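J.: Just the structure for this:
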Amino acid sequence: MKKQDSSSFENMLARIDEITEKLENPDTTIDEGIKLFEEGVKLSALCKAKLDEAGGKITELKGELDNLQKSEFKADKN
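T.: As a prediction, this is how the structure comes out:
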């Protein structure tokens, strides 16, 4: 199984969940909250970038599959 690094999408999402819990805790100070919020915003941007990248890759692969299917259809006609 592939080892996940700290910048994997899943790990970043888990960290966002941790941050959310800490921000919801009334014992979290304003200074801590600001730092956590900043980290959460940065992680959210990184997650969005990964999702956009994955979406682009899926679109690319779908296009390749469509082209392959069209080529096979043309070959079957001959």
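J.: which residues of this protein fall in helices?
T.: Per DSSP state H, the chain carries helices over the ranges 9-24, 30-77.
J.: which residues touch G33?
T.: Shown in contact with G33 (CB atoms under 8 Å, 6 or more residues apart in numbering): K22, L23. (Glycine included, C-beta is placed from N, CA and C.)
J.: Quick check: the gap between it and L23.
T.: 6 Å (CB to CB, to the nearest Å).
J.: got it, and Q69?
T.: Counting by CB to CB - Q69 and L23 are separated by 48 Å.
J.: ok, these two, which is more surrounded?
T.: Each of Q69 and L23 has its neighbours counted (other CB atoms under 10 Å); L23 has more, 13 against 10.
J.: Could I get the pLDDT score of the more buried one?
T.: The per-residue pLDDT reported for L23 equals 98.
J.: cool, D66 as well?
T.: Predicted confidence (pLDDT) for D66: 88.
J.: how far is stretch 16-26 from where the chain is centred?
T.: 20 Å (CA atoms, centre = their mean, to the nearest Å).
J.: May I see the buried residues of that stretch?
T.: Using 16 or more other CB atoms under 10 Å as the test for burial, stretch 16-26 gives I16, I19, K22.
J.: Show me the contact partners of that stretch.
T.: T28, E32, G33, L36, F37, E39, G40, L43, S44, C47.
J.: The first one - how many residues pack around it?
T.: Using other CB under 10 Å, T28 is surrounded by 15 other residues.
J.: tell me the contacts of it?
T.: K22, L36.
J.: Please report phi then psi for it.
T.: Phi and psi for T28, reported as degrees, to the nearest 10, are phi -70, psi 130.
J.: Start at 472, not 1
T.: Shifting the count to begin at 472 puts that one at T499.
J.: Would you mind giving me the confidence score for it?
T.: T499 carries a pLDDT score of 98 in this model.
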